[in-house]
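Give me a 3D structure for the following:
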Amino acid sequence: MENTTWSLDPAHSEVQFKIKHLVISTVTGTFKVFGGSVVSNGEDFENSTINFSIDTNSIDTNQADRDGHLKSDDFFASEKYPTINFSSTAIVKVSETEFKLTGDLTIRDITKSVTLDAELGGIMVDPYGNTKVGFEVNGKINRKDFGLTWSAVTEAGGVVVSDEVKLHINVQFAKQQ
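Numbers count the residues shown, from 1 in each chain. Here you go, the predicted structure:
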């Protein structure tokens, strides 16, 4: 079967992260600008190739001051490192709808291999005749592995920001003709 290219549909996709603050509550953030593609063997996504890029300057935690801090050199250094990139190295089918997605994640020019859980939501033709596929991707990374090492301690000795970051990504791709 021939390779099929799928392009990200940003209007029906979202990239979120969650991180503990003061180890007592969770802060959720999103990235508003991102893009990507999948090259598959028809509608079989095992062993596909995925490339995904996120604009670090598009971070939104619903607090302008915090967003500014996250864009600064303490975290993403958005001026120097404007993108987060992911390139798959392996996609293994675990069940009919579940995959293990392994790839190279690059943040601040530091690349590490990560494995994420991906669930195929399905394939559907939209009202305009476009074939779409949806995935929900979840995983965890350690922010310090990628040079996001800023830290502070409260007067009581508590950590302000945890090292573990939970990723939650819902993406929809359109089949290219």
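
Now do the end-to-end distance for stretch 86-104.
In stretch 86-104, first residue to last residue: 6 Å (CA to CA, to the nearest Å).

buried set for that stretch?
Of the residues in stretch 86-104, those with enough neighbours to count as buried (16 or more other CB atoms under 10 Å) are 86, 88, 91, 99, 101, 103. (C-beta placed from N, C-alpha, C; glycine too.)

these two touch, right, the third one and residue 39?
No - here residue 91 does not reach residue 39: they are 10.9 Å apart, not a contact under CB atoms under 8 Å.

Now for those two: what residues contact both?
residue 48 (CB atoms under 8 Å, 6 or more residues apart in numbering).

which stretches of this protein aren't confidently modelled?
Along the chain, the model assigns pLDDT under 70 to residues 1, 21-24, 152-160.

any chance you could map the helices in it?
Counting by DSSP state H, the chain has helices at residues 64-71.

Now do the strands in it.
3-8, 14-21, 25-31, 34-41, 44-55, 59-60, 83-93, 98-107, 110-125, 131-142, 161-175 (DSSP state E).

Thanks again, I'm all set now.
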